[in-house]
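Enquirer: make a model of this:
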Amino acid sequence: MCLASSTTSAGASGPSWVLVVAAVLVSGLLLAGPALRRHYPVAWWLLLGFPVAAFRVMQTWRPLMAGCGLAVSRRPALTVVSGLVGNGAPPPQPRVPRRGLIRPTSGGFVLLVRLLPGQVPEDVVKAAPAMAESWQVHAVRVTSWKPGVVRIVASASDPLAALRTPKQRGPGHLLRVAVGVLETGAAWVVDLRGVPHWLIVGATRSGKSTLINALVAGLAPQHIALVGIDCKGGMELSLYEPRLSALATNREQAVRLLAALVNLTLDRMSVCRAARVRNVWGLPEKARPVPVVVIVDEIAELFLVASRSEKDEAQAAGTALIRLAQLGAALGVFLVVAGQRVGSDLGPGVTALRAQLGGRVCHRVADPGTAEMALGDLNPDALKAAQAITPEQAGTAVLASGDGWERARSHLITEAEAEAVATEYAHLTPVLSELHVEAP
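Expert: Numbers count the residues shown, from 1 in each chain. Next comes the predicted model:
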């Protein structure tokens with residue numbers, strides 16, 4: 001009897017100790033929560049924030065779906081009413097879209113939802129603001145995952161609210177640069193091998209120049225050639241001149257430089273044809289020509305005309321840019337075209353060029369036509385998001401490609417830092433003699 005009593009006592013004390021330890025741990029986490037959130041936000045989210053958010057999702061899922069009109073009755077209305085009148089039985093629970101496993105991310109969570117018959121992703125997109133309010137998160141994005149299934153991504157806080165600086169500097173992957181952070185908290189990566197040509201638009205003090213600074217700072221340590229075209233007298237791109245293989249500061253120089261770049265791509269085409277490969281990446285590494293990234297700042301300066309001679313120059317510049325965009329990706333020449341204003345009023349050449357620039361970045365712009373030119377042909381939702389950017393959100397942009405769109409913010413790279421990086425890596429600047437065109 002004594003032995004049994006002793007065993008029972010020990011067994012009873014076991015769970016109590018577990019509860020005490022658990023209570024101490026929870027209390028410690030709650031007390032340390034503010035400091036943990038301030039210094040280790042990802043750890044705070046995974047330990048405290050995510051469990052609470054996941055509990056809210058599970059508790060509110062069915063009433064939220066019903067309130068947003070996404071629930072479907074299991075029986076016709078008359079059958080339900082007759083059942084209530086006949087025997088007082090409660091009506092059956094309505095069917096709601098089936099929720100999958102809630103998985104944490106570094107700053108939010110993600111889940112897949114299977115739609116009911118007759119529902120489309122747009123029905124769930126309309127419910128996104130209500131989801132964010134019920135789950136007490138910053139934002140909810142709904143995208144189509146596959147037929148009949150949508151993907152819900154929730155951001156606990158706004159990762160674009162604070163300016164950030166890059167954590168590391170170095171060559172990294174060729175033609176691949178982390179230039180900022182996405183709204184989801186993931187890194188914003190510009191991969192020129194994946195999307196070879198980009199259009200960047202933004203009004204004064206919107207963050208366009210900061211993004212170009214971040215891009216140049218990331219490309220400078222790589223074994224590539226950087227070429228600048230800045231028809232505003234080189235006011236912007238001259239900062240990077242030590243790292244530039246060529247720089248045009250007016251339209252006359254730009255036309256000659258662009259013509260030289262077209263000839264360079266044609267020469268590379270001949271090399272690839274002789275080697276029986278489809279692009280420069282099929283050549284042996286030692287025989288592969290250096291990649292060239294052409295940065296064009298203030299594209300409107302190339303297309304604005306005031307006389308017949310200027311019209312001919314503008315047409316020549318536009319034709320050369322379009323040819324580079326068509327041929328460049330396979331031949332190691334990539335375009336980054338930027339401007340405060342890019343509209344169809346600049347001429348058909350701008351519209352034709354825009355069609356070749358698969359990557360788009362739109363900061364706050366001063367006129368709706370520029371936003372339409374940048375995003376209107378890709379995604380109407382991206383266009384609305386870009387038009388909602390306020391002057392207080394400098395650096396925030398909407399980026400889009402054929403794969404979808406995201407809100408993002410570039411790293412804070414000042415002009416002085418970009419100039420210092422260009423000077424630091426000036427020794428890596430390739431000498432491309434074919435680009436040094438003498439004035440006529």
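
Enquirer: show me where the stretch 101-250 of the chain has its strands.
Expert: 103-104, 108-114, 139-146, 149-155, 176-182, 187-191, 197-201, 225-230, 244-248 (DSSP state E, counting those that start in this stretch).

Enquirer: quick check on L399: phi, psi?
Expert: Torsion angles at L399 (phi, psi; degrees, to the nearest 10) stand at phi -110, psi 140.

Enquirer: number of nearby residues for the closest residue to it other than its chain neighbours?
Expert: Spatial nearest neighbour of L399, excluding adjacent residues (CB to CB, 6 or more residues apart in numbering): V361 at 4.8 Å. The way it works is simple: take the backbone N, C-alpha and C, and place the C-beta from them, glycine included. Neighbourhood size, V361 [other CB atoms under 10 Å]: 28.

Enquirer: which residues are in contact with V361?
Expert: If you count contacts by CB atoms under 8 Å, 6 or more residues apart in numbering, V361 has them with 198-202, 211, 374, 397-399.

Enquirer: in the stretch 251-400 of the chain, which spans are helices?
Expert: 251-275, 300-303, 308-331, 348-356, 368-375, 380-387 (DSSP state H, counting those that start in this stretch).

Enquirer: nearest to L70 among those helices would be which one?
Expert: helix 380-387 (19.5 Å; CB to CB).

Enquirer: list the buried residues in that closest one.
Expert: Neighbour counts over helix 380-387 (16 or more other CB atoms under 10 Å) mark 381-383, 385-386 as buried.

Enquirer: got these as JSON lines, with distance to V305 and pLDDT columns?
Expert: Formatted as JSON lines, the buried residues of helix 380-387 follow (distance: CB to CB, whole Å; pLDDT from 0 to 100):
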{"residue": "D381", "distance to V305": "35", "pLDDT": "79"}
{"residue": "A382", "distance to V305": "31", "pLDDT": "83"}
{"residue": "L383", "distance to V305": "28", "pLDDT": "85"}
{"residue": "A385", "distance to V305": "33", "pLDDT": "83"}
{"residue": "A386", "distance to V305": "28", "pLDDT": "87"}
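
Enquirer: on that earlier part again, from the contacts of V361, which is closest to M269?
Expert: W198 (22.6 Å).

Enquirer: tell me who's in contact with that closest one.
Expert: Counting by CB under 8 Å, 6+ apart, W198 has contacts 190, 192, 335-337, 357-361.

Enquirer: so which of the helices of the stretch 251-400 of the chain gets nearest G118?
Expert: helix 380-387 (22.5 Å).

Enquirer: what's in contact with the closest one?
Expert: By CB under 8 Å, 6+ apart, helix 380-387 touches 362-365, 368, 371-372, 374-376, 397-398, 400, 405, 407.

Enquirer: specify which member of those residues is nearest to W61.
Expert: R407 (25.8 Å).

Enquirer: from S344, how far off is the closest one?
Expert: Applying CB to CB, to the nearest Å, the value for R407 to S344 is 26 Å.

Enquirer: what of R193?
Expert: Taken as CB to CB, the span from R193 to S344 is 30 Å.

Enquirer: coming back round to it: can I get the contacts of V361 in JSON lines including distance to A287 and pLDDT?
Expert: Below are the contacts of V361 laid out as JSON lines (distance: CB to CB, whole Å; pLDDT from 0 to 100):
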{"residue": "W198", "distance to A287": "28", "pLDDT": "94"}
{"residue": "L199", "distance to A287": "32", "pLDDT": "93"}
{"residue": "I200", "distance to A287": "33", "pLDDT": "94"}
{"residue": "V201", "distance to A287": "38", "pLDDT": "92"}
{"residue": "G202", "distance to A287": "39", "pLDDT": "91"}
{"residue": "L211", "distance to A287": "34", "pLDDT": "92"}
{"residue": "A374", "distance to A287": "38", "pLDDT": "86"}
{"residue": "A397", "distance to A287": "38", "pLDDT": "90"}
{"residue": "V398", "distance to A287": "40", "pLDDT": "90"}
{"residue": "L399", "distance to A287": "35", "pLDDT": "89"}
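
Enquirer: with distance to L219 added, can I get these in a markdown table?
Expert: Output for the contacts of V361, formatted as a markdown table (distance: CB to CB, whole Å):
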| residue | distance to L219 |
| --- | --- |
| W198 | 12 |
| L199 | 17 |
| I200 | 14 |
| V201 | 20 |
| G202 | 19 |
| L211 | 13 |
| A374 | 22 |
| A397 | 19 |
| V398 | 23 |
| L399 | 17 |
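
Enquirer: out of the contacts of W198, who's the most crowded?
Expert: Neighbour tally across the contacts of W198 (other CB under 10 Å): the maximum, 28 neighbours, falls on V361.

Enquirer: picking up where we left off before, what pairs with the residue nearest to L399 across the strands?
Expert: In this entry, V361 is beta-bridged to I200, L399, by DSSP bridges.

Enquirer: any idea how far A408 lies from G332?
Expert: For A408, the distance to G332 - CB to CB - is 27 Å.

Enquirer: D297 too?
Expert: Taking CB to CB, one finds D297 at 21 Å from G332.

Enquirer: do the same with M131
Expert: For M131 relative to G332 (CB to CB), the value is 45 Å.

Enquirer: ok, these two, which is more surrounded?
Expert: G332 (26 against 22).

Enquirer: dump the residue contacts of the more buried one.
Expert: Contacts of G332 by CB under 8 Å, 6+ apart are 268, 279-281, 288-292.
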